[in-house]
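Peer 1: Dropping a prediction and its sequence here:
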There are 2 protein chains.
Amino acid sequence: MQPFKVYILGCGSALPTLKHNASSQVVLVRDKMFMVDCGEGTQVQLRRSRINFNKLSAIFISHLHGDHCFGLIGLISTLGMLGRISPLHVFAPKDFFPILQQQLDLFCNGLEYEVVFHVVDTKRNDVIYEDKSLTVSSIPLEHRVACCGYLFREKPTLPHIRRDMIDFYGIPECQRNNIKNGADWITADGDVIPNSYLTFPADPPRSYAYCSDTRYMPELYRMVENVDLLYHEATYCSENENRAKLYYHSTARQAAMVALKAKVKRLVVGHFSARYENEDVILKEAQELFPNTDLANEMAVFDV
Amino acid sequence: MQPFKVYILGCGSALPTLKHNASSQVVLVRDKMFMVDCGEGTQVQLRRSRINFNKLSAIFISHLHGDHCFGLIGLISTLGMLGRISPLHVFAPKDFFPILQQQLDLFCNGLEYEVVFHVVDTKRNDVIYEDKSLTVSSIPLEHRVACCGYLFREKPTLPHIRRDMIDFYGIPECQRNNIKNGADWITADGDVIPNSYLTFPADPPRSYAYCSDTRYMPELYRMVENVDLLYHEATYCSENENRAKLYYHSTARQAAMVALKAKVKRLVVGHFSARYENEDVILKEAQELFPNTDLANEMAVFDV
């Protein structure tokens, strides 16, 4: 099966500390690599993770708080110094681009690759990126500034050929595509060999949703229904529910509620407030409602 | 003696790596704290160093390459989140301020302290900051963009009172300032006790010069003559002298030449190219000409 992985580069909140880096993740879908959010220090985390810098094709920014985007200009600059020539696509709320353009003009004069801007309407639940392997959709969130999450959804693949059956029936290579696309096989004697004898079902398409930063949204589950992996911010525990509401963040319990209602397979929580010496309290609170929860952590890798 | 220390937070070049952070230092002069340059990741280095964030009063930026200033907006933002109310003075080449202002408007709305801009004319060798303890001067350097170093020079202090002699002669406290300012003491019997009996000489004022980034400047020594500590970039060894010239950087030998001609007491070299697995080669090359050389390193502290 082709890879679909999420690499956590940073899962702290508000500001980078010695314990947690500012928000950033890399999402690998088959042979495509994307970044979600880019807080300060992300480029060094990328080095630490040993991910191949060059394969990054697009960066999605959820919102314009510094802990989600201060690292971008540095990363763009470094990619240039490392010899990048292929375009880099940046998806972000519209207010980002005037300032990013100024930074590019001042600091990245002579950059040898193109930085392509894509304005994201954070109020809409739309496909904003598509290629042959996947789509990426915006997920409107509720935060102090315009903010959206991102949903990475693989496209369905074709069924797998059963090599043994193909050989048994002597089906030529040139017929392979037809078989993959559902055709039966008719032997020289006129027997119809059903497609189901000749193929294994396709792997079900996988999906990953990133939801940070956001207040609890009772209807959010509709937009992330049945995803294989959900990353939902859990800045606080429930004892701080009022503070969460005030600052448009979520508690662990609320993250778990979204996961439960959405019937996701697995929940990862992150964006931890620095007040928690040990985030196990956050984990336990989420697990009470949604047992298949994990804590994000720098350098953790999650298979979708 | 009052402290005069230089804390190295980052001494890499061009981009942050796992080995070296981007350029930044903190200079502590008596009770005043200043930062020189602020590459990406500086705020976390500041935490790591356990320096008291709040005491920072001014930040001096040498030039507008990202490895010297990408960390500033994040630091400003974090200082705000940590409750700063006193002004922060930022000294930088003029082109920095439009973009810094945009960043403040977008990311630091409601910042509860003032960020005061001071344009530095990088072509001039002028006092650009002064208080009761010290002056800071700009040192014009030669780089690919407008660039200057900074010279921190303590003001002379008053001589120290010889407590034993003051007590011996029964000199009242109210006369202390006069004695410190050079007055002799006349006893009840009319004897003149010379000031030199009553005081120890003042500590000689100390100075620190930061020179990065720059090509070799044969006349630079005039501007940093006799400083106690000189930090001079040594991006390359002499085998790369042509490359140094091309990119407006210096070799270790050239840094040492400046130190030698300027008769500084001690040289610290930094801003190392990532090509050097081990910077001892840089150190040795500098020491051949100027033995009292040290390598900068993250978390190193130099007493001036």
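Peer 2: Yep, it's here. Numbers count the residues shown, from 1 in each chain, chains lettered A, B, ... in the order given.
Peer 1: Tell me the buried residues in stretch A:250-266?
Peer 2: Judged by neighbour count (16 or more other CB atoms under 10 Å in any protein chain shown), stretch A:250-266 contains these buried residues: A:250-259, A:261-262, A:264, A:266. Just so you know, the C-beta spots here come from the backbone N, C-alpha and C atoms, and that holds for glycine as well.
Peer 1: separation between the closest residue to chain B within the stretch 151-300 of chain A and residue B:278?
Peer 2: Closest residue of the stretch 151-300 of chain A to chain B, CB to the nearest CB: residue A:274 (10.1 Å). Computed as CB to CB, to the nearest Å, the residue A:274 to residue B:278 distance reads 36 Å.
Peer 1: cool, and residue A:129?
Peer 2: 44 Å.
Peer 1: Looking at those two, which has the bigger crowd around it?
Peer 2: The neighbour comparison of residue A:129 against residue B:278 (other CB atoms under 10 Å in any protein chain shown) goes to residue A:129, with 20 against 7.
Peer 1: wouldn't the more buried one be in contact with residue A:58 here?
Peer 2: Yes - taking contacts as CB atoms under 8 Å, residue A:129 lies within contact range of residue A:58: 6.5 Å.
Peer 1: tally of neighbours for residue A:298?
Peer 2: Residue A:298: 17 neighbours (other CB under 10 Å).
Peer 1: my bad, should have said residue A:104
Peer 2: 18.
Peer 1: Check for me that it belongs to a strand.
Peer 2: No - going by DSSP: H, G, I helix; E, B strand; the rest coil, the assignment for residue A:104 is helix, not a strand.
Peer 1: so what's it scoring on pLDDT?
Peer 2: We have a pLDDT of 97 for residue A:104.
Peer 1: From residue B:22, how far out is the nearest residue to it once chain neighbours are set aside?
Peer 2: Using CB to CB, 6 or more residues apart in numbering or on different chains and skipping residues adjacent in sequence, the residue nearest residue A:104 is residue A:115, 6.2 Å away. Per CB to CB, residue A:115 is found 21 Å from residue B:22.
Peer 1: who's residue A:272 bridged to?
Peer 2: Beta-bridge pairing for residue A:272 (DSSP bridges): residue A:12.
Peer 1: Tell me if I'm right that it and residue A:280 touch.
Peer 2: No - between residue A:272 and residue A:280 there is no contact, the gap being 11.0 Å when judged by CB under 8 Å.
Peer 1: more neighbours, those two?
Peer 2: Per other CB under 10 Å, whichever of residue A:272 and residue A:280 has more neighbours is residue A:272, with 24 against 11.
Peer 1: mind listing what the more buried one touches?
Peer 2: A:11-13, A:20, A:234-235, A:279, A:282 (CB atoms under 8 Å, 6 or more residues apart in numbering or on different chains).
Peer 1: Residue A:52 now?
Peer 2: residue A:33.
Peer 1: Would you mind naming what in the stretch 51-200 of chain A lies close to chain B?
Peer 2: A:64-66, A:70-71, A:73-74, A:77-78, A:81, A:95, A:98-99, A:102-103, A:106-107 (CB under 8 Å from any CB of the partner chain).
Peer 1: Outside of the strand or helix carrying residue A:254 itself, which residues are in contact with it?
Peer 2: According to DSSP states H and E, residue A:254 maps onto helix A:252-262. Helix A:252-262 has contacts (CB under 8 Å, 6+ apart) with A:211, A:216-217, A:220-222, A:224-227, A:230, A:232-234, A:236-238, A:241, A:244, A:267, A:269, A:281-283, A:285-290, A:293.
Peer 1: ok, of those, which come out buried?
Peer 2: A:211, A:216-217, A:220-221, A:224, A:227, A:230, A:232-234, A:236-237, A:241, A:244, A:267, A:269, A:282-283, A:285-287, A:289-290, A:293.
Peer 1: Keep only those of these that are in helices.
Peer 2: Of the buried ones among the contacts of helix A:252-262, the ones assigned to helices by DSSP state H are A:241, A:244, A:282-283, A:285-287, A:289.
Peer 1: Next, format those residues as a markdown table and append pLDDT.
Peer 2: Output for those, formatted as a markdown table (pLDDT from 0 to 100):
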| residue | pLDDT |
| --- | --- |
| A:241 | 97 |
| A:244 | 97 |
| A:282 | 97 |
| A:283 | 98 |
| A:285 | 98 |
| A:286 | 98 |
| A:287 | 98 |
| A:289 | 97 |
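Peer 1: Take those residues and write them to TSV, including distance to chain B.
Peer 2: TSV is the format used below for those (distance: CB to the nearest CB, whole Å):
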residue	distance to chain B
A:241	21
A:244	17
A:282	21
A:283	25
A:285	25
A:286	26
A:287	30
A:289	31
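Peer 1: Tell me the one of these nearest residue B:2?
Peer 2: Ranked by distance to residue B:2 (CB to CB), these are led by residue A:282 at 45.8 Å.
Peer 1: Now do the contacts for the closest one.
Peer 2: Residue A:282 is in contact with A:234, A:236-237, A:252, A:269, A:272, A:276, A:295, counting by CB under 8 Å, 6+ apart.
Peer 1: swap the cut-off to 7 Å and go again
Peer 2: If you count contacts by CB atoms under 7 Å, 6 or more residues apart in numbering or on different chains, residue A:282 has them with A:234, A:237, A:252, A:269, A:272, A:276, A:295.
Peer 1: cool, and residue A:29?
Peer 2: By CB under 7 Å, 6+ apart, the neighbours of residue A:29 are A:4, A:133-134, A:152, A:154.
Peer 1: Neighbour-wise, which one of the residues you listed leads?
Peer 2: residue A:152 (27 neighbours).
Peer 1: Got phi/psi on that one?
Peer 2: Backbone dihedrals for residue A:152, given as degrees, to the nearest 10, come out at phi -100, psi 120.
Peer 1: Please apply the same query to residue A:290.
Peer 2: Given degrees, to the nearest 10, the pair of backbone angles that residue A:290 has is phi -140, psi 90.
Peer 1: Quick check: pLDDT value at it.
Peer 2: 98.
Peer 1: if I look at the nearest residue to it once chain neighbours are set aside, how far off is residue A:239?
Peer 2: Spatial nearest neighbour of residue A:290, excluding adjacent residues (CB to CB, 6+ apart): residue A:256 at 3.9 Å. Relative to residue A:239, residue A:256 is positioned 15 Å away (CB to CB).
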